[in-house]
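# below is the sequence, then the predicted model.
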Amino acid sequence: MYLVYYSVEISNLSENKQLSCFMHLQVPQTPTVIPQELNSATSTSIAVYWAVNDGDAIDCFQVYCMEELQASKDAGALVEEYRVTVKESHCILEDLEPDRCYSVWVMAVNGTGCSLPSEKAIFKTAPAIPTINAEDCTVCWDTATVRWHTSSASAESFTLEYCRQHSPEGEGLRSFAGIKRPELKVSLEPNVNYFFYLRTVNPFGTSEQSEAALISTKGTRFHLLSDTAHPALQISSKATVIHLPEKTKFTGFPSVLGELLPARGCHYWEIIVSACRSYRIGICYEAISQSSVLGLSDTSWCMRCCPTQTSSLYRFLHTGVMSDVCVTEHPARIGILLDYSGGRLLFFNAERGLVLFSIRHKFTDAAHPAFALEKAGVLTLRTGMELPEFVKHS
């Protein structure tokens with residue numbers, strides 16, 4: 001223990017009388033860091049509180065912070081020590097890394113000296129900000145399956161927030177909390193643009209809000225279902241490209257389905273077919289057998305491209321041959337409109353905005369977009385666009 005002596009003049013004694021007295025000032029006792037409270041952190045900051053002895057004279061506190069090395073980091077890596085000086089018995093440590101553990105300890109300081117350091121306490125920051133990629137989401141008329149990515153290993157749940165892009169004043173955000181999986185299906189209004197935001201939650205706090213993702217129900221967006229693909233087909237990582245390599249030997253029918261479209265509203269998508277000369281594209285009901293050949297059953301409808309030496313023959317199939325159309329120009333892009341409300345399935349030369357064929361039928365069930373390659377080549381799926389003008393006027 002240290003002592004210091006001060007000489008003090010007492011002015012309330014007799015006018016010319018002085019008294020020197022000595023006061024003892026002790027070094028403060030060791031503070032006690034209070035364990036981290038739940039929901040007290042952000043992705044880049046932690047709130048730290050500590051207790052002190054009531055009788056201590058304290059000028060300030062020195063707060064130390066050091067990142068705890070993760071198992072994935074090199075054991076010999078240098079770790080930076082972070083120190084701040086504060087007057088109060090609490091502080092917020094900022095500019096930290098998301099989803100990390102930090103050791104924190106405190107020393108009390110007065111004119112005599114510093115206390116011993118407190119015992120170290122472990123604090124954890126909230127998870128990193130997640131990312132919504134609109135291209136990974138599925139949008140079908142009045143619903144959207146919103147999908148996202150997070151790099152946080154400690155994420156326990158997510159909070160999804162959204163609003164209309166041009167919402168009336170005071171409408172505010174709608175939100176879903178406690179989401180356990182990195183996706184959620186949301187009911188929306190048709191033909192409306194929405195902004196979606198996301199936060200990641202762990203026991204110690206919530207991340208900042210993600211950047212806005214624009215998701216529009218003005219167009220249909222879906223992906224290929226890799227688990228429905230014939231073994232001979234190669235599906236891209238983004239689930240938008242189908243490839244049948246040259247000289248591939250296969251049995252059966254090399255087809256793949258897209259995500260299921262609900263039996264309401266209108267759905268439009270396009271296929272880039274310039275890298276494939278022989279293919280089938282169309283729709284089929286959910287109950288169709290995977291071994292079925294597209295267009296030969298009563299639950300599938302398709303367009304089959306059969307190239308000839310001088311032209312392309314398009315055969316439109318449902319329970320067998322329905323109709324043939326011969327064109328001298330081979331379109332590079334085919335558009336398909338599935339119109340439940342109008343009872344139509346239309347095939348377009350999407351480059352020229354021309355109808356190739358129209359099927360009138362009262363479609364009653366949810367349907368999969370369907371694709372098949374009969375010879376080596378590549379089909380590329382394009383989705384998410386608003387209805388082109390030539391489709392609106394068809």
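Structure received.
# could you use CA atoms for every contact and neighbour count after this?
Noted.
# shaky segments in the stretch 51-200 of the chain?
Scanning the stretch 51-200 of the chain for pLDDT under 70 picks out the ranges 71-78.
# in it, what residue spans correspond to strands?
Counting by DSSP state E, counting those that start in this stretch, one finds strands in the stretch 51-200 of the chain at the ranges 60-67, 81-86, 90-93, 101-109, 121-124, 131-132, 138-140, 143-149, 157-164, 174-179, 183-187, 193-202.
# residue nearest the centroid of the chain?
Nearest to the mean C-alpha position of the chain, by C-alpha atoms, centre = their mean, lies residue 148 at 1.7 Å.
# from what I see, it and residue 131 are in contact.
Yes. The pair residue 148 / residue 131 is scored as a contact, 5.6 Å apart, by C-alpha atoms under 8 Å.
# residue 341 and residue 262 touch, don't they?
No. Judged on C-alpha under 8 Å, residue 341 makes no contact with residue 262 at a distance of 11.8 Å.
# higher neighbour count, the two?
Neighbour count, other C-alpha atoms under 10 Å: between residue 341 and residue 262, residue 262 has more, with 18 against 12.
# and that one, how far from residue 135?
Look at residue 262 and residue 135: by C-alpha to C-alpha, to the nearest Å, they are 19 Å apart.
# cool, residue 318 as well?
32 Å.
# can you check residue 91 too?
For residue 91, the distance to residue 135 (C-alpha to C-alpha) stands at 42 Å.
# now do the domain split for the chain, please.
Split into domains by automatic domain parsing, the chain comes to 32-124, 131-216, 226-392.
# the residue lying closest to residue 302 once chain neighbours are set aside bridge partners, please.
Nearest residue to residue 302, sequence neighbours excluded (C-alpha to C-alpha, 6 or more residues apart in numbering): residue 282, at 3.9 Å. Judged by DSSP bridges, the bridge partners of residue 282 are residue 302, residue 370.
# just to revisit the earlier point, out of the strands of the stretch 51-200 of the chain, which is the most enclosed?
Neighbour counts (mean count of other C-alpha atoms under 10 Å) averaged over each of these peak at strand 138-140, with a mean of 26.
# what's in contact with it?
By C-alpha atoms under 8 Å, 6 or more residues apart in numbering, the residues outside strand 138-140 that reach it are 144-146, 215-217, 219-223, 261-262, 267, 384.
# and these, which is closest to residue 44?
residue 146 (26.0 Å; C-alpha to C-alpha).
# neighbours of the nearest residue to the closest one once chain neighbours are set aside, just the number please.
Spatial nearest neighbour of residue 146, excluding adjacent residues (C-alpha to C-alpha, 6+ apart): residue 137 at 4.9 Å. For residue 137, the neighbour count with other C-alpha under 10 Å is 20.
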